[in-house]
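# Predicted structure and sequence below. I'll ask about it afterward.
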Amino acid sequence: MTQALPLALRRSLVLLWLVFLLLVALVLGVALGTVSLSPLEVVQALLGQRENPIVTEMRLPRVLGGMLVGAALGVAGAAFQGLFRNPLADPYLMGSASGAAFGVTLFATLLGGLSPSFAQHAVFQSLPFSATLCGFLGALLATLLTVLLAGGVARTGELVLAGVVVGSVLTGLTTYLMLQDADRVRAVFAYTLGNLAFLGWPAVRLLLFFLVLALPPLLFLGRVLNALQLGEEVVRSLGVPLTGVKLLLLSAVSLLTAAAVAQAGIIGFVGLITPHLLRRFLGEDYRLLLPASALGGAALLALADLLARTLTRPAELPVGVVTTLLGGPFFLYLLWRRRERA
Amino acid sequence: MKGLEAKGIRGPFALLGVDLAVRPGEWLALLGPNGSGKSTLLRVLAGLLRPGEGRVWLEGKPLRAYGSYPRARLLGYLPQNGPYPEGLLVEEVVRLGRLPHQGLWGRERREDWEAVEWALEVTGTAALRQRFLGTLSGGERQRVLLARALAARPRYLLLDEPTTFLDLEHQAEVLALLRGLSRMGVGVLSVLHDPNQAALAHRVAVLKGGRVIAEGEPQAVLTEPFLRSLYGPQVRVRLIEGRPHVYLDG
């Protein structure tokens, strides 16, 4: 939080920079691949001046879908950190992403929501609406379980520890469910590592739908998230019906997590890194931090996917591997800085 | 029936039957050894904890009969040493104090801005408005948090050890502010642990073992025999210009 520039100017510059990053990621994301396109061709195709099925049917939904997944995770992380007043909270570390994955898998296997050919990419592209709802329930329950095990939200260390335990157990159960069918082994790894390769237009539409549903209540409650940083007692003393507010926040975050996980699997650390980086430049006003985290999460995941697609060309890495490789050290850095301060 | 009154409060925790009242325009200091239940009593009065037995009355009506927002408009509460957002601007923090008038979905109106301006003015924090809370000194921060509690323009202000961790200069500022607020008609109830600070209030109540064991004007309550029975034999009291000054012999 350096004071070199006036705050309003600094905030606008950061937002502009994020939009610029998004545009760069969009053009590069569409241009790169087995058939590389020039930026000009990309822009022409995007503006509809020249038909290009590679762009419109394959790469564009992947890039846009990836951005929506990143936006959902970024906002979910920021809201989690505000709600739990915990700088290490994020859908991945809180076990809520694993809960969503478990819910989706349970839906797919036990309720027979998917055809037997689960391993095929086409199935992933159209994981239906109801899968997200099962994921939502899984995410909500996993988060509540984590908070319960930690004995409250205020205990940062315990919360992360409980989240890791809940996440690991649920991931184990998810893998177990998936392995019931040997054909699914490939899909298991594709899914649990987090992957944007399966995103098509149906996935983009679903993601957009859930983002539009979950974002407004979060943005409206930005002020309450600000107030929560003064402690729950103060919020209650201000007359705010805290239990209802917390449940609403938790539901919105779980929905965002589930929407992302149902389409792209478990992608770690986007929700942790994005708000942290932005808080440095923007401060802690959640009315600004939440929308900025949507932009930032979108940009971060889109750029991570570029790395995932290019690092080991012609093979592809699951993007979850890239974010984990970036996020693990970042997490350690945060822990280290907390110790330095204390 | 003006006033905020606790009647026969028994439980939760250490409280074993407390009667206490604060009137508008009065500054009441609550003293007592650690663990005597001061903070608990303050939370009960603020409506944050439900008493096991007994009742809190606010202006002649049971506190529980108030909705949460009407209650919050009348009662301001500032906890001891609570968390605070380092990366939030002073002005934003004070504006949060208007939530009782706006509700969750309400918009800011002119009277909200005026109340925020007023709270920044009285606490002397107007010049800090564009600073992040994390960049302030302890005394400045405490005044900002006080401004947040004042922004709702409550009729009663409940403060838990508002001077702890402040240096002498900032302690004096906060105490002068409390006196000024009571002069404006606000009923102030502050938990304090320093009897010399309590001596500045209009009235002092002493909580021990879950009961109010003494209550009255400072010079009547803060006597040497009584404070010795409370804090030990090394306590001395000297009256200077009619006001008790407490110090330790040693």
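Structure received. Predicted model, so just to flag it, every value in this text is computed and none were measured.
# any idea which element the residue nearest the centre of chain A lies in?
Centroid-nearest residue in chain A, with Cα atoms, centre = their mean: A:Leu73, separated by 2.0 Å. Using DSSP states H and E, the element containing A:Leu73 is helix A:60-83.
# Quick one: distance of that helix to the chain centre.
From the chain centre to the centre of helix A:60-83 is a distance of 4 Å (Cα atoms, centre = their mean, to the nearest Å).
# sorry, back to before: how about the residue nearest to the centre of chain A, what does it touch?
A:Pro91, A:Leu256, A:Thr257, A:Ala260, A:Ile267, A:Val270, A:Gly271, A:Thr274, A:Gly297, A:Leu301 (Cβ atoms under 8 Å, 6 or more residues apart in numbering or on different chains). No exception for glycine: its C-beta is placed from N, CA and C like everyone else's.
# what about 6 Å?
By Cβ atoms under 6 Å, 6 or more residues apart in numbering or on different chains, the contact list for A:Leu73 reads A:Ala260, A:Val270, A:Gly271, A:Gly297.
# hang on, the first one packs against A:Leu68?
No - taking Cβ atoms under 6 Å as the definition, A:Ala260 is not a contact partner of A:Leu68, at 8.0 Å.
# Who has more neighbours out of those two?
A:Ala260 (36 against 27; other Cβ atoms under 10 Å in any protein chain shown).
# how about low-confidence regions in the chain?
No chain in the question, so chain A it is. Chain A contains residues with pLDDT under 70 at A:1-4, A:110-127, A:153-154, A:181-191, A:342.
# Can you look at chain B instead?
Looking at chain B by pLDDT under 70, you get B:1.
# Got the domain ranges for it?
Listed by automatic domain parsing, the domain ranges of chain B are B:4-216, B:217-250.
# quick one: is the longest one near chain A?
Meaning domain B:4-216. Yes - applying Cβ under 6 Å from any Cβ of the partner chain, one finds domain B:4-216 touching chain A at B:46, B:48, B:68-69, B:72, B:77, B:79, B:82-83, B:85, B:87-88, B:92, B:96, B:99-100, B:132.
# Got a PyMOL select line for the buried ones in those?
To isolate the buried subset of the residues of domain B:4-216 next to chain A in PyMOL, counting by 16 or more other Cβ atoms under 10 Å in any protein chain shown, use the following:
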select buried, chain B and resi 46+48+68+69+72+77+79+85+87+88+92+96+99+100+132
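# Cross the residues of domain B:4-216 next to chain A against helices and list the overlap.
Using DSSP state H, the members of those that fall in helices are B:Ser68, B:Tyr69, B:Ala72, B:Glu92, B:Leu96, B:Leu99, B:Pro100.
# So of the residues you listed, which two are at opposite extremes in space?
B:Ser68 and B:Glu92 (22.1 Å; Cβ to Cβ).
# those strands in the chain, which residues are they?
Using chain A here. Secondary structure of chain A (DSSP state E): no strands located.
# ah, I was thinking of chain B
Under DSSP E, chain B gives strands at B:4-10, B:16-22, B:27-31, B:53-58, B:61-62, B:75-78, B:156-160, B:187-191, B:203-208, B:211-216, B:235-240, B:243-248.
# out of those, nearest to A:Phe220?
Going by Cβ to Cβ, the one of the strands of chain B nearest A:Phe220 is strand B:75-78, 24.5 Å.
# quick one: strands adjacent to that closest one?
In the sheet, strand B:75-78 lines up against strand B:156-160 (parallel) (DSSP bridges).
# next one: the partner strand to chain centre, how far?
That offset, for strand B:156-160, works out to 3 Å (Cα atoms, centre = their mean).
# List the contacts of it.
Applying Cβ under 6 Å, 6+ apart, the set of residues contacting strand B:156-160 is B:4, B:39, B:42, B:45-46, B:75-80, B:186-191.
# now do 7 Å
For strand B:156-160, contacts defined as Cβ atoms under 7 Å, 6 or more residues apart in numbering or on different chains pick out B:4, B:22, B:39, B:42, B:45-46, B:74-80, B:149, B:181, B:186-191.
# Alpha carbons of it, as CSV, please.
Extracted C-alpha coordinates of strand B:156-160, given in CSV (Å, rounded to 0.1, in the frame of the first residue of the first chain):
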residue,chain,number,x,y,z
TYR,B,156,-25.9,5.3,24.7
LEU,B,157,-22.3,4.4,24.1
LEU,B,158,-20.9,1.2,25.6
LEU,B,159,-17.1,1.0,25.6
ASP,B,160,-14.9,-1.8,26.7
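# Contacts for stretch A:328-342 next, please.
Contacts of stretch A:328-342 (Cβ under 7 Å, 6+ apart): A:Pro87, A:Leu88, A:Phe269, A:Leu272, A:Ile273, A:His276.
# can you list those in CSV and add distance to A:Gly152?
CSV is the format used below for the contacts of stretch A:328-342 (distance: Cβ to Cβ, whole Å):
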residue, distance to A:Gly152
A:Pro87, 16
A:Leu88, 15
A:Phe269, 24
A:Leu272, 21
A:Ile273, 25
A:His276, 23
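# tell me the contacts of the nearest residue to B:Leu96 once chain neighbours are set aside?
Of all residues not flanking B:Leu96 in the chain, A:Ala227 sits nearest, at 4.7 Å (Cβ to Cβ, 6 or more residues apart in numbering or on different chains). A:Ala227 makes contacts with A:Val234, A:Val235, A:Leu238, A:Val240, B:Leu96, B:Leu99, as judged by Cβ under 7 Å, 6+ apart.
# Tell me who's in contact with the fifth one.
So the one you mean is B:Leu96. Per Cβ under 7 Å, 6+ apart, neighbours of B:Leu96: A:Arg223, A:Asn226, A:Ala227, B:Arg148.
# Around the first one, count how many other residues there are.
As a burial measure, A:Arg223 scores 21 neighbours (other Cβ under 10 Å).
# for A:Met58, same thing?
Going by other Cβ under 10 Å, the residues that sit close to A:Met58 add up to 16.
# Please tell me how far it sits from A:Thr34.
Here A:Met58 is placed at a distance of 10 Å from A:Thr34 (Cβ to Cβ, to the nearest Å).
# Against chain A, how distant is the residue most central in space within chain B?
Nearest to the geometric centre of chain B sits B:Leu159, at 2.1 Å (Cα atoms, centre = their mean). Using Cβ to the nearest Cβ, to the nearest Å, B:Leu159 is found at 12 Å from chain A.
# so how far is A:Asp305 from that residue?
52 Å.
# Likewise for B:Asp112?
With Cβ to Cβ as the criterion, B:Asp112 and A:Asp305 are 45 Å apart.
# Compare these two (neighbour count), which wins?
Using other Cβ under 10 Å as the criterion, B:Asp112 and A:Asp305 rank with A:Asp305 on top: 33 against 19.
# which residues sit in contact with the more buried one?
A:Gly29, A:Gly66, A:Leu196, A:Val319.
# again, but for B:Gly37
Counted by Cβ under 7 Å, 6+ apart, B:Gly37 has contacts B:Phe13, B:Ala14, B:Leu15, B:Leu207, B:Gly210.
# quick check, nearest of those residues to chain A?
B:Phe13 (15.2 Å; Cβ to the nearest Cβ).
# so that closest one touches B:Leu41, yeah?
No - B:Phe13 is beyond contact range of B:Leu41, at 9.6 Å (criterion: Cβ atoms under 7 Å).
# which of the two has more neighbours?
More crowded of B:Phe13 and B:Leu41, by other Cβ under 10 Å: B:Leu41, with 29 against 15.
# Now do the contacts for that one.
B:Ala6, B:Ile9, B:Leu15, B:Val18, B:Leu207.
# Could you list the contact residues of the stretch 51-200 of chain A toward chain B?
Proximity of the stretch 51-200 of chain A to chain B, by Cβ under 7 Å from any Cβ of the partner chain, involves residues A:Arg85.
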